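Peer 1: Dropping the sequence and predicted coords here.
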Amino acid sequence: MKMSFVRKGSRRILACMVVLGLFGFVSIAGASGGKENAGATGADKYKGQTLTLLMWGSGWDESMQAAAAEFEKEFGVTIRNESQENASDGLIKLQAEMSKPTVDVWFTTPSVVARCPAGLLADIDQSRLTDKQDLMPKTIGKNYVTAYYYPFGITYRTDMVTKPITKWEDLWDPSLKGKVSIPSAGASYEFLVVAAYLGGGSEFNIDPGFAKIKKLMPNVGNIYDSDETPRQLLAQGEIAVAVGGADYYGFMVESGVPAKFLTPKPAPLEYDVLTVIKGGKEALAHEFINFMVHPFAQQKTVVEWKCIPVNTKVAPAKELEAAVPKLDDLLVLDINTVNAHQPEWMDRWNREIVIGK
């Protein structure tokens with residue numbers, strides 16, 4: 001599935017201002033739809049090589065087609081995709097292959113990067129990022145480059161929900177019995193933390209989150225580890241509500257399904273990152289990551305997939321405007337606390353939520 005929404009013009013919209021405001025950034029240039037920066041000169045040294053990506057399946061591989069084709073053309077290489085259900089599963093695979101890696105670039109999350117063993121990831125060579133001055137602050141980490149941000153909220157089918165959903169607490173309404181899809185703690189810890197906040201806790205006190213999720217279980221028709229699952233279940237009418245990213249809503253619109261997306265308070269803002277695997281193709285991997293934050297690739301992948309670009313020359317999709325949370329509603333988590341506790345949260349989730357269902 002490849003999104004086909006068209007963004008008209010270059011304008012400041014609230015979706016971008018959320019991220020810019022969060023990081024204290026105050027101006028954004030107009031979006032660029034061209035590919036003037038899409039490649040690099042002197043790329044003949046890579047000709048004939050294969051670059052393997054470990055990335056999200058569930059439609060991302062298809063959304064990457066235009067950007068991948070352009071990269072292959074510019075550099076004379078072949079891009080090969082491997083899929084992971086979630087970032088934690090990707091890490092397990094990469095750890096098992098450390099002595100002989102088969103992956104060159106890994107799509108993952110910052111919290112999972114923090115759990116990587118020494119020697120798995122190469123440091124990011126910022127001298128290879130030619131658009132660095134156009135990227136949002138905090139886009140570049142020691143071992144990763146942020147590819148996009150996305151709001152985290154609720155997508156629901158308006159033809160299947162009798163009461164409009166306006167807040168997180170509405171998910172517990174008895175009218176939604178068996179109709180809700182939620183992420184596992186391994187797929188996305190954000191919902192567990194949101195539930196904790198709703199119960200008077202936080203990432204520092206997760207017990208209320210588990211208590212709230214247990215009370216939600218009569219309404220839960222699906223717990224997913226891969227984004228593909230709730231998208232398909234929503235489209236098929238097997239569930240009516242899904243907790244996750246704005247791309248679920250985009251998929252519904254593209255499929256002609258009546259739906260709505262909202263980001264209730266407290267509203268986490270998630271982001272995914274690109275990393276370089278140590279394995280001999282670090283230079284080509286850097287070229288790919290550099291390419292992915294150019295305006296051409298950001299427009300063809302990030303915008304069309306209903307996420308928020310990190311390149312300030314590219315405006316987010318118009319369809320996100322009404323759904324982006326207010327700055328005062330944003331939930332900024334303590335990532336060190338999350339990193340320290342997520343493995344035990346996942347274990348507890350399996351024991352108390354999955355097995356105890």
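Peer 2: Looks like it came in fine. Owing to the predicted nature of the structure, the values given are computational and were not obtained by experimental measurement.

Peer 1: who's in contact with stretch 45-52?
Peer 2: Contacts with stretch 45-52, where a contact means Cβ atoms under 8 Å, 6 or more residues apart in numbering, come from 75-82, 102-105, 281, 283-285, 287-288. C-betas here are computed from N, CA, C, even on glycine.

Peer 1: got it, and stretch 115-131?
Peer 2: Residues from elsewhere that reach stretch 115-131 (Cβ under 8 Å, 6+ apart): 37, 40, 91, 94-95, 98, 106, 113, 132, 135, 140-145, 275-278, 282, 285-287, 289-290, 293-295, 311, 339, 342-343.

Peer 1: out of the contacts of stretch 45-52, which are inside helices?
Peer 2: Under the assignment DSSP state H, the contacts of stretch 45-52 contribute 75, 283-285, 287-288 to helices.

Peer 1: Any of the residues you listed buried? List them.
Peer 2: By neighbour count, with 16 or more other Cβ atoms under 10 Å, those hold 75, 284-285, 287-288 as buried.

Peer 1: sorry, back to before: name only those of the contacts of stretch 115-131 that count as buried.
Peer 2: Neighbour-count burial (16+ other Cβ under 10 Å) is assigned, among those, to 37, 91, 94, 106, 113, 135, 140, 143-145, 275-277, 282, 285-287, 289-290, 293-295, 311, 339, 342.

Peer 1: mind listing the helices for this structure?
Peer 2: 14-22, 60-63, 65-75, 87-96, 110-113, 190-198, 207-216, 228-236, 247-254, 282-292, 295-297, 335-349.

Peer 1: just those helices: most buried one?
Peer 2: Comparing those by mean neighbour count (mean count of other Cβ atoms under 10 Å), helix 295-297 ranks first with a mean of 25.

Peer 1: Can you pull the domain assignment for the protein?
Peer 2: As given by automatic domain parsing, the domain ranges for the chain are 14-149+270-323, 150-268+327-354.

Peer 1: Just the mean pLDDT for the shortest one, thanks.
Peer 2: Going back to what we said before, that points to domain 150-268+327-354. Domain 150-268+327-354 shows a mean pLDDT of 92.

Peer 1: Distance from the chain centre to it, please.
Peer 2: 14 Å (Cα atoms, centre = their mean, to the nearest Å).

Peer 1: what does the first one give?
Peer 2: On the basis of Cα atoms, centre = their mean, the separation between the geometric centre of domain 14-149+270-323 and that of its chain is 11 Å.

Peer 1: Hmm, Tyr149 is touching Val273, no?
Peer 2: No - counting by Cβ atoms under 8 Å, Tyr149 does not reach Val273; the two are 10.6 Å apart.

Peer 1: I'd like to check the angle between the longest strand along the chain and helix 190-198, please.
Peer 2: Longest strand of the chain, by residue count under DSSP state E: strand 145-157. Relative orientation of strand 145-157 with respect to helix 190-198: 70 degrees, computed using axes from the mean of the first three to the mean of the last three Cα atoms, to 10 degrees.

Peer 1: Which residues are in contact with Ala283?
Peer 2: Residues in contact with Ala283 (Cβ under 8 Å, 6+ apart) are Tyr46.

Peer 1: If I look at it, what pLDDT would I see?
Peer 2: In this model, Ala283 carries a pLDDT of 96.

Peer 1: How about the residue nearest the centre of the chain, nearest residue that isn't a chain neighbour?
Peer 2: Taking Cα atoms, centre = their mean, the centroid of the chain lies closest to Asp272, which sits 4.7 Å from it. Computed as Cβ to Cβ, 6 or more residues apart in numbering, the closest residue to Asp272 that is not its neighbour in sequence is Ala147, at 5.5 Å.

Peer 1: follow-up on the earlier one: Serialize the helices of the chain to a markdown table and add fields for distance to Lys318.
Peer 2: Below are the helices of the chain laid out as a markdown table (distance: least, Cβ to Cβ, whole Å):
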| stretch | distance to Lys318 |
| --- | --- |
| helix 14-22 | 9 |
| helix 60-63 | 18 |
| helix 65-75 | 19 |
| helix 87-96 | 29 |
| helix 110-113 | 28 |
| helix 190-198 | 25 |
| helix 207-216 | 33 |
| helix 228-236 | 21 |
| helix 247-254 | 12 |
| helix 282-292 | 22 |
| helix 295-297 | 17 |
| helix 335-349 | 30 |
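
Peer 1: Tell me which of those sits nearest to Arg157.
Peer 2: Checking the helices of the chain against Arg157 by Cβ to Cβ gives helix 228-236 as the closest, at 6.3 Å.

Peer 1: what angle sits between that closest one and strand 145-157?
Peer 2: Orientation check (the same axes, to 10 degrees): helix 228-236 against strand 145-157 gives 30 degrees.

Peer 1: by contact count, what packs against helix 228-236?
Peer 2: Packing partners of helix 228-236 (3 or more Cβ pairs under 8 Å, 6 or more residues apart in numbering; DSSP states H and E): strand 180-183, strand 220-224, strand 241-245, helix 247-254.

Peer 1: at 10 Å instead, please
Peer 2: Other helices and strands packing on helix 228-236, by 3 or more Cβ pairs under 10 Å, 6 or more residues apart in numbering; DSSP states H and E, are strand 145-157, strand 180-183, strand 220-224, strand 241-245, helix 247-254.

Peer 1: So for stretch 175-185, first residue to last residue, what's the gap.
Peer 2: End-to-end distance for stretch 175-185, by Cα to Cα, to the nearest Å: 25 Å.

Peer 1: swap in stretch 253-272?
Peer 2: Stretch 253-272 has an end-to-end distance of 23 Å (Cα to Cα).
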